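A.B. asks: Attaching a predicted model along with its sequence, questions to come.
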Amino acid sequence: MNTVLYWLARALIACVQSLPLKFVARLGRAGGALAFHLDGRHRRVVLDNLTLCFGKEKSAEEIREIARENFRRLGENYLSAVKTAAMSFEELKPHLEFVGNECLPKKTGQTAPQNVVVAIGHFGNFELYARLRLAGYQGATTYRALNQPAFNRLMQDLRRRSGCLFFERRADGRALRSRMEQRGVILGLLADQSAKGLRAPFLGHDCNTGLAPAILALRYDAELYTQICYRVALGKWRLEFGEKIPTHENGQPRSSEEIMRDVNRAFETAVRRDPANWFWVHRRWKD
């Protein structure tokens, strides 16, 4: 059964990848608009989250319109991610803009640059984070394997062309540590969902916040940044680095908790800049 599911999904993906990117994006937006009306459970999650965060500053109709656009964006992003996974970097370049790369450590002679940890989130077409190309750096990230083997294999097939290294969180810890002990790694870690670590404010309300970006940046003496994928037009995105988040103060390491509060504040700014661009279908604020 897994094999049948795999090849059926592969056939569907091949159909999507044969279409022009803008057509795929429009098709995704239409699917997202339909899902807004049909998927009551996730619609309620989005409306609940938006009301919690913006209920005092936006009307119910404004919140509903953000939710509607959020569903359109999710459809656009998911289907576009299928298409962009099959595109070469040269084919992608007209659709991407990179901002803030110049702030990262540079290669010195034959010595690879200092490692960088990037706290990323579910903004825009977030699969594009893996397509970043920087001289002297090897991109890397972590993922959690899906329970369905066929779909997990399919996801990894889609990601393989990116050139990014993927480490499964539960099984590949040793391999990740070994790679981080070398220089020239830019490691992207999703850090905007509920995870064990600490309770920290995000958009005015405390939520569970993981510590992994701070811990790894401190452990491997890596610089720490955030990066946001903004949707700027149909089938066009901007990958934007934020300012460096300090991991040391007065020559001493800052606490992981303080560092991740800075990460949350950077994510807050990105959400407020374009509320429909974030992944509101996740229950971020759990008790």
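C.D. replies: Sure thing, it's come through.
A.B. asks: Going by neighbour count, which residues in the strand or helix carrying residue 69 are buried?
C.D. replies: Residue 69 is part of helix 60-84 when elements are defined by DSSP states H and E. Buried residues in helix 60-84, counted by 16 or more other CB atoms under 10 Å: 63-64, 66-77, 79-84. Every residue, glycine included, has its C-beta placed from N, CA and C.
A.B. asks: what mean pLDDT does it have?
C.D. replies: The pLDDT scores in helix 60-84 average 97.
A.B. asks: Contact partners for residue 167?
C.D. replies: 140-143, 173, 175-176, 179 (CB atoms under 8 Å, 6 or more residues apart in numbering).
A.B. asks: so where's the chain shaky on pLDDT?
C.D. replies: 1-2 (pLDDT under 70).
A.B. asks: That one: helices as residue ranges?
C.D. replies: Under the criterion DSSP state H, the chain contains helices at 2-17, 21-38, 40-54, 60-84, 89-92, 149-160, 173-180, 212-219, 256-273.
A.B. asks: hey, which strand is longest across the protein?
C.D. replies: strand 223-233 (DSSP state E).
A.B. asks: Could you tell me how far that strand lies from the centre of the chain?
C.D. replies: 8 Å (CA atoms, centre = their mean, to the nearest Å).
A.B. asks: got it, and stretch 75-82?
C.D. replies: Offset of stretch 75-82 from its chain centre (CA atoms, centre = their mean): 13 Å.
A.B. asks: going forward, begin numbering at 8 instead of 1
C.D. replies: Understood, numbering begins at 8; the last thing we discussed is stretch 82-89.
A.B. asks: Convert that stretch to PDB, retaining C-alpha atoms only.
C.D. replies: Output of stretch 82-89 as PDB, limited to C-alpha atoms (Å, rounded to 0.1, in the frame of the first residue of the first chain):
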ATOM      1  CA  GLY A  82      -2.500  26.900  -0.400                       C
ATOM      2  CA  GLU A  83      -0.200  29.000  -2.500                       C
ATOM      3  CA  ASN A  84       2.800  28.200  -0.400                       C
ATOM      4  CA  TYR A  85       2.300  24.500  -0.300                       C
ATOM      5  CA  LEU A  86       1.600  24.000  -4.000                       C
ATOM      6  CA  SER A  87       4.400  26.500  -4.900                       C
ATOM      7  CA  ALA A  88       6.800  24.500  -2.700                       C
ATOM      8  CA  VAL A  89       6.100  21.400  -4.800                       C
END
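A.B. asks: circling back to that earlier point, tell me which two of the contacts of residue 174 sit farthest apart.
C.D. replies: Greatest spatial distance in these: 150 and 186, 14.8 Å, computed using CB to CB.
A.B. asks: out of those two, which sits in the more crowded spot?
C.D. replies: The neighbour comparison of residue 150 against residue 186 (other CB atoms under 10 Å) goes to residue 186, with 18 against 15.
A.B. asks: do you know how far the more buried one is from residue 122?
C.D. replies: Separation of residue 186 from residue 122 (CB to CB, to the nearest Å) stands at 9 Å.
A.B. asks: okay, and the common contacts of those two?
C.D. replies: Joint contacts of residue 186 and residue 122 (CB under 8 Å, 6+ apart) are residue 192.
A.B. asks: and residue 168, what does it touch?
C.D. replies: 92-93.
A.B. asks: Run a quick neighbour tally on the closest residue to residue 49 other than its chain neighbours.
C.D. replies: Excluding the flanking residues, the one nearest residue 49 by CB to CB, 6 or more residues apart in numbering is residue 288, at 4.7 Å. Look at residue 288: counted by other CB under 10 Å, it has 20 neighbours.
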